[in-house]
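Enquirer: sharing a model prediction with you, sequence too.
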Amino acid sequence: MDMRAFKSEKTNVEEADRSIYDVKDKVHPSFEVQSGLTEEIVNQISDEKNDPPWMRTFRMKSLQIYNSISAPNWGPSLDDLHMENIVTYVRPDTTMRGKWSEVPDDIKNTFERLGIPQAERKSLAGVGAQYDSEVVYHNISAIAASQGVVYTDMESALTGPYEKMVRKHFMKLVPPSDHKFAALHGAVWSGGSFVYVPPGVSVEIPLQSYFRLNAPGAGQFEHTLIIVDKGAYLHFIEGCSAPKYSVNNLHAGCVELFVGEGARLRYSTIENWSKNMYNLNTKRARVEKDGTIEWVSGSFGSHISYLYPMSILQGERSRMEFTGITFAGGGQNLDTGAKVVHAAPHTTSHISTKSISRDGGISTFRSSVKVTPDAVGSKSSVSCESLMLDDQSRSDTIPAMDIQCDEADVGHEAKIGRISEQAIFYLMSRGISEEDARAFIVGGFAEPVAKELPLEYAVEMNNLIHLEMKGSIG
Amino acid sequence: MGSTLLEIEDLGVSVEDHVILDGVNLKINKGEIHVLMGPNGTGKSTLVSSIMGDPRYEITKGKILFKDKDITDEKTDVRARSGIFLSFQTPEEIPGITLENFLRTAKGAVEGRPPKILAFRKELKAQMEALDMDPTYAERYLNVGFSGGEKKKAEILQLLMLQPRLALLDETDSGLDVDAVRTVSKGISAYHNQKNAVLIITHSAKILEGLDIDYVHVLEGGHIVKTGGRELSSEIIRSGFNSIEKGADGHESL
């Protein structure tokens, strides 16, 4: 039976409601390199950034690797991503500020529209804001600073007192040889944050970085390096957005997280890139004895995503928890998931994800669990639930397991469902409109993830779901 | 507007070209309690679901008037906002939405503005207490993991919180133990007044005890074959549907 009695207007979400993300600032960078990728361009970036010699060499080696390996062919198509059109480095017309009032007005307005740094005043220990290729603002609360917490942009870290620490860790977890876009990152990376939390320090309120890509046809290649020393605790939040242009944009960031013995790191992301973004991002954590990594990940935007945060449980009894949600609408092909390597005895991993696809969107969940022969007594559980909102949409689950240890407990569960028309009828029978009823059910499906997010982000996620669901009836 | 709340004229309903109701006439006035009985599979649930606008059912003829307005083609949420409520035989489970959050949204929808939070909480607490419901259920996801009895109580809780004009109760007593049926029946009494009306589908007498029944209808073969007072329900419960004398158009289907 069709829904004879129901007719509703279709609204164009992209034009009507993404407006706060879609406001474009007039582009007047102080410097940008030519599009495409050559030795000359990479050298130019090194010059511009005053790289130490080892970093200049590192970039060149990465470029060679980039040129020698091919793009992945097992996921969503990258045929329309033309590197010769991507500008790898765009420096905004400002230098980094430690005071919000000194950030240029147009850039400041952009971040204020997005709710930053009101959030800092309310509930954060520190905020970084990156605009195109460079960090324009970085601030850390006096309390966190007095505890010895370091939170700065990568460039400052590279030339300051932490250079040795940076050099020791930079792209050691994600080497440029990992895949083509890791190599690209190694060659042209710019911006991002460096965080160091000293032993035993618990940072009570979260640190946040916000990445905004404004220039059309640009790439963003920020590097995030976080080291949480023995017994310390940190919650780090990352937010991303960009306005939509007619040309494709590329994001190939890299996140490396080092969790020390008995330490705990929570890493939350809400990604809301524009719908023409190629989001080819690599995130990886290494966890020492008794340490914990917790990932919370929401993927809403981008045209194509490849995103599989990986955790290497290196020390005995180390743990990882991954909670993720992916929402793929029309024109989106989001390939997301999580990977874990159990490399020590009694390690634990728990992966729980939800995906929603609608209006022809494609959502693919990949998980990879590897248990080495040493990982005696380890436990892993993977659960994936998908909700398809119509017949045009797709949802796939691709689990991979490599269990080399007999004494390990590994489980996998996948469910794919649709919204039941009876449930819609039930909610409507209580006076709730059909559109709200659908959004309600989808919101309920996402709730286990929402409750893991910081409040402002949970609210933002709910708004995004309502926004995505608008005009879902026709 | 007179005292009539619901008026059904010559209603025909099909599902996938299979005729279920064929010429139902029914009138319910303010202040009345009606009981709808009939053998299994004769379309009692179809009738109340059609009044609520269930999109699975196709209306092939006739019309449904509510408060003198033709609602035959109205959407379900519009009907709900104009004052119709259906207590489901099998209430849906909605993960991720708490009972309290759901009720607050629904109340805001039917009343046209969001309820005041403190007053709402107080009312919710009082109504749950009256229904012998564990207050922690307010924080649980709607009907998820509720027992059959708890689901039915949650339906009556919604009835009491939303205060519709017409309550359609589809076998709200089925699957309940004796005490729970009594609690549900008390809830219906508490709800009922001279401004609203109730239509109860049931197979048993227990839920009707303590209620002031005005009419009992028997649905068979797609239409109402007999209407009487409370004594008709007693006769059916005692001796079955075969024992009663039916109207001229009654089908001898059993």
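Expert: That came in fine, so what should we check first?
Enquirer: pLDDT of the helix or strand harbouring A:K339, averaged?
Expert: Here A:K339 sits within strand A:333-342, counting by DSSP states H and E. Mean per-residue pLDDT for strand A:333-342: 97.
Enquirer: other SSEs contacting that strand?
Expert: Taking 3 or more Cβ pairs under 8 Å, 6 or more residues apart in numbering or on different chains; DSSP states H and E as the contact definition, the neighbouring helices and strands of strand A:333-342 are strand A:292-299, strand A:304-307, strand A:310-313, strand A:319-328, strand A:348-357, strand A:362-371, strand A:378-388. C-beta coordinates here come from the backbone N, C-alpha and C atoms, glycine included.
Enquirer: quick one: it to strand A:292-299, angle?
Expert: Angle of strand A:333-342 versus strand A:292-299, following axes from the mean of the first three to the mean of the last three Cα atoms, to 10 degrees, is 170 degrees.
Enquirer: tell me the strands beside strand A:333-342, with direction?
Expert: Under the criterion DSSP bridges, strand A:333-342 sits next to strand A:304-307 (parallel), strand A:310-313 (parallel), strand A:362-371 (parallel) in its sheet.
Enquirer: now the longest one, how far from the chain's geometric center?
Expert: Going back to what we said before, that points to strand A:362-371. Taking the mean C-alpha point of strand A:362-371 and that of its whole chain, the gap between them comes to 16 Å (Cα atoms, centre = their mean, to the nearest Å).
Enquirer: please save the CA atoms from that strand in CSV.
Expert: These are the backbone C-alpha positions of strand A:362-371, laid out as CSV (Å, rounded to 0.1, in the frame of the first residue of the first chain):
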residue,chain,number,x,y,z
ILE,A,362,26.0,4.7,-0.1
SER,A,363,27.4,3.7,3.2
THR,A,364,29.9,1.0,3.6
PHE,A,365,31.2,-0.2,6.9
ARG,A,366,34.6,-2.0,7.0
SER,A,367,36.1,-3.4,10.1
SER,A,368,39.4,-5.2,10.5
VAL,A,369,40.4,-7.1,13.6
LYS,A,370,43.8,-8.7,13.9
VAL,A,371,44.9,-10.8,16.8
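Enquirer: ok, and for it, which residues are buried?
Expert: Of the residues in strand A:362-371, those buried by neighbour count under the rule 16 or more other Cβ atoms under 10 Å in any protein chain shown are A:362-371.
Enquirer: can you tell me which two in these are farthest apart?
Expert: Based on Cβ to Cβ, the longest span within the buried residues of strand A:362-371 runs between A:I362 and A:V371 and measures 30.0 Å.
Enquirer: A:Y89: how many residues sit nearby?
Expert: 27 (other Cβ atoms under 10 Å in any protein chain shown).
Enquirer: so what's it up against?
Expert: Contact analysis of A:Y89 by Cβ atoms under 8 Å, 6 or more residues apart in numbering or on different chains lists A:31-33, A:41, A:44-45, A:48, A:133, A:188, A:190.
Enquirer: local confidence estimate at it?
Expert: Value for A:Y89, per-residue pLDDT: 73.
Enquirer: also A:E256?
Expert: 98.
Enquirer: then A:L213?
Expert: What the model reports for A:L213 is a pLDDT of 66.
Enquirer: how about A:V382?
Expert: What the model reports as pLDDT for A:V382 is 96.
Enquirer: go on, the one 5 residues further on?
Expert: As predicted, A:L387 sits at a pLDDT of 93.
Enquirer: surely it meets A:G444?
Expert: No: applying Cβ atoms under 8 Å, one finds A:L387 not in contact with A:G444, separated by 10.2 Å.
Enquirer: residue ranges in the stretch 151-300 of chain A under the pLDDT threshold?
Expert: Per-residue confidence for the stretch 151-300 of chain A (pLDDT under 70) gives these ranges: A:213-218, A:241-247.
Enquirer: do chain B as well
Expert: Judged by pLDDT under 70, chain B has its weakly predicted residues at B:1-2, B:247-254.
Enquirer: pLDDT added to the buried residues of strand A:362-371, as a markdown table?
Expert: Written out in a markdown table, the entries for the buried residues of strand A:362-371 read as follows (pLDDT from 0 to 100):
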| residue | pLDDT |
| --- | --- |
| A:I362 | 96 |
| A:S363 | 95 |
| A:T364 | 96 |
| A:F365 | 95 |
| A:R366 | 95 |
| A:S367 | 95 |
| A:S368 | 96 |
| A:V369 | 97 |
| A:K370 | 97 |
| A:V371 | 97 |
